[in-house]
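# what's the 3D shape of this:
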Amino acid sequence: MKNIFNKLSNFLNEIAPPQGQYSWFDRLRISIGVGVTILAIAFLNHLWGDMTQDENMVTAVFGVSALCIFLFPDSKFFSPLVLIEANLLASCIAFICVYIFPSVSIGITVSIIGTIAGMYLLGCIHPPAVFLSMFIVMAGTNSYDFALHPVLADSLVLALVSFSDKALIKHSSG
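The predicted structure follows:
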């Protein structure tokens, strides 16, 4: 039994991709950066004050975006303009799906396909935007004001964070 467990463990270690090696500075930069970003987004949303519990789910999407900004600072998927374009596109497609499709399952499917196709056409691939579209359809949000807040407002915070993180990395490396 022990031999089988060892073989399985070795097999899983061989097929698992290696995790990136991060310095202590990078670990702190990523951890604190994501935490402060989510705090800023939550504070901004609290000041605005009109989001329902279902609509607060989109904060999770912005949290994933924040983590990716800090983990992959050189990726074009998480550059400031791409963040804004992709999130606005995803929200608009989701609103259309909420209006057109009475079934949430069909709305989610069409919003995912539409968001991915739209991001390819516009050249603004941002993977978390697909989940933003899905969450908006799940929440049944049908107000275009939602595209301004929280989507645009939170995307602007993410864009500012992306610029700041790139500047911090550039400053610390030389």
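
# Going by C-alpha atoms from here, please, whenever you check contacts or count neighbours.
OK.

# average model confidence for the longest helix seen in the chain?
Longest helix in the chain by number of residues (criterion: DSSP state H): helix 24-48. Helix 24-48 carries an average pLDDT of 93.

# Please apply the same query to stretch 149-167.
95.

# on that earlier part again, next structured bit after the longest helix of the chain?
Where DSSP states H and E defines the elements, the next helix or strand beyond helix 24-48 is helix 58-71.

# ok, residue 79 to residue 72 distance?
10 Å (CA to CA, to the nearest Å).

# Point out where this protein drops to low pLDDT.
Along the chain, the model assigns pLDDT under 70 to residues 17, 174.

# Buried residues, the longest helix of the chain. List them.
Buried residues in helix 24-48, counted by 16 or more other CA atoms under 10 Å: 29, 30, 33, 34, 37, 38, 41, 42, 44, 45.

# wait, which of those is closest to residue 9?
Set against residue 9, the nearest of these by CA to CA is residue 30 (29.8 Å).

# Who are the packing partners of the longest helix of the chain?
helix 58-71, helix 153-173 (3 or more CA pairs under 8 Å, 6 or more residues apart in numbering; DSSP states H and E).

# Please identify the deepest-packed of these.
Mean neighbours per residue, mean count of other CA atoms under 10 Å, is largest over the helices and strands packed on helix 24-48 for helix 58-71, with a mean of 21.
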